[in-house]
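[1] The sequence and its predicted three-dimensional model are supplied below.
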Amino acid sequence: MAHSQPETCEMQLNGVSELIDLLCIDVETDAVEDRPGRDDAPCSKNVLRKQRHWEKQVAAKKSKRREEKQRRKLNRDSGASIDHPEFTKRVMKAITRERLAEAQSTGLKVCVDLSMTDCMSDKEIGRLAGQLRRLYGSNKKAARPFHVFLTDLREDSRLYRECIRMNEGFLNYMMDITEDSCLDRFPPETVVYLTPDAEEALVTVDADKVYVLGGLVDESIQKKLSFSRAAELSVHTARLPIDEYMVKKSNVKNFHSKILAVNQVFDILLTFCDTGSWTQALQTWFPLGKGYEVAPVYSPATQPELED
Ligand SMILES: C[S@@+](CC[C@H](N)C(=O)[O-])C[C@H]1O[C@@H](n2cnc3c(N)ncnc32)[C@H](O)[C@@H]1O
């Protein structure tokens, strides 16, 4: 059977390492044989026994490597998924589509408000398109995806063009992409606008509410933009419960920020809905570089005793 170049290389390398193994024995043998006061006969018997043992080990390793390679090849050929090796890629794709379709009728609702892109630079628009791709990628992987809406996305906008250019299959994304605003789709009393500047912390995610994220990338930070947008829409606001579950971490630059990217907030919401735990959601997704860490949980056993 013809071998591909990397395979041939690997075989040659294996051969070299086996030779080195054998050479090691010879060196050891010489050392043993050179020792004064020892017979040749028992020594060479010992050496032969060792050699046979090594040869057996080398052969076993070789066959294990061959089996492993074959298993990897079989997996590749059958297109099995990493998460569920028993499913082929085609089956996984069908399951994902089914989950997303289900989410579009019964899922918890998350909306990205894309009405504020005019104040963003081309670079920021490109980054937002990338964040929307990651957000969709996370939703596809979720066991219970959200029903996602991209609102106020005009077909003649820079963002729309950038999404089509950068995000393969964007027009087939299983989310509701619309030029409507979020209030064209949802009654105002059901809308909770997530903004880092809200007073109230988000406690839970409700099936009869829609959670709106501001589609914004602000490298040149534009403070309170999403908060002002929520005020303009006269809807409820909420922030992630960072103050409630996290503490500041000391760092060289003394940098602390509670402002996350849209896809990071989305990941936190997904994990919270999956586990019911803000601690776990923030621990998993809150970016390390933002200068916060999840507060240690005090149990009576670990709580410091109060002084009299
Ligand atoms: C990069 S942030 C935009 C920050 C911007 N300066 C603003 O006015 O909100 C993008 C969006 O993610 C959401 N977001 C980011 N951090 C958040 C937090 N700590 N709590 C709630 N929502 C947050 C908000 O919906 C926000 O509009």
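    Okay, I see it.
[2] Just confirm Tyr211 contacts Cys111, I think it does.
    Yes. Counting by CB atoms under 8 Å, Cys111 is a contact partner of Tyr211 at 7.1 Å. No exception for glycine: its C-beta is placed from N, CA and C like everyone else's.
[3] Setting aside sequence neighbours, what's the nearest residue to the residue in the stretch 151-300 of the chain positioned nearest to the ligand?
    For the stretch 151-300 of the chain and the ligand, the shortest gap (CB to the nearest ligand atom) falls at Gly214, measuring 2.4 Å. Nearest-residue entry for Gly214: Ser226, 3.3 Å, with adjacent residues in sequence omitted and distances by CB to CB, 6 or more residues apart in numbering.
[4] ok, which residues in the chain are in contact with the ligand?
    Applying CB under 6 Å from any ligand atom, we find that the chain lies next to the ligand at 194-196, 213-214, 216-218, 221-226, 239-240, 242, 258-262, 265.
[5] 5 Å - rerun?
    194, 196, 213-214, 216, 218, 225-226, 239-240, 258-260, 262, 265 (CB under 5 Å from any ligand atom).
[6] before we move on, the earlier item: tell me how many other residues crowd the residue nearest to Gly214.
    Per other CB atoms under 10 Å, the neighbour tally for Ser226 reads 25.
[7] does it sit in a helix or strand, and which one?
    Element membership of Ser226, judged by DSSP states H and E, is helix 225-233.
[8] Which pLDDT value does the model give the residue of the stretch 151-300 of the chain closest to the ligand?
    On pLDDT, Gly214 comes in at 97.
[9] what's the answer for Lys73, then?
    pLDDT, Lys73: 60.
[10] Start from the N-terminal end of the stretch 51-200 of the chain and give the helices.
    Under the criterion DSSP state H, counting those that start in this stretch, the stretch 51-200 of the chain contains helices at 89-106, 122-141, 158-166, 182-185.
[11] mind listing what's buried in the helix holding Ser226?
    225-227, 229-230, 233 (16 or more other CB atoms under 10 Å).
[12] For the stretch 1-150 of the chain, give me the ranges with low pLDDT.
    Within the stretch 1-150 of the chain, the segments meeting pLDDT under 70 span 1-43, 68-86.
[13] quick one, phi/psi of the residue lying closest to Thr271 once chain neighbours are set aside?
    Excluding its sequence neighbours, the residue lying closest to Thr271 (CB to CB, 6+ apart) is Ala281, at 3.9 Å. Here is the backbone geometry of Ala281 (degrees, to the nearest 10): phi -60, psi -40.
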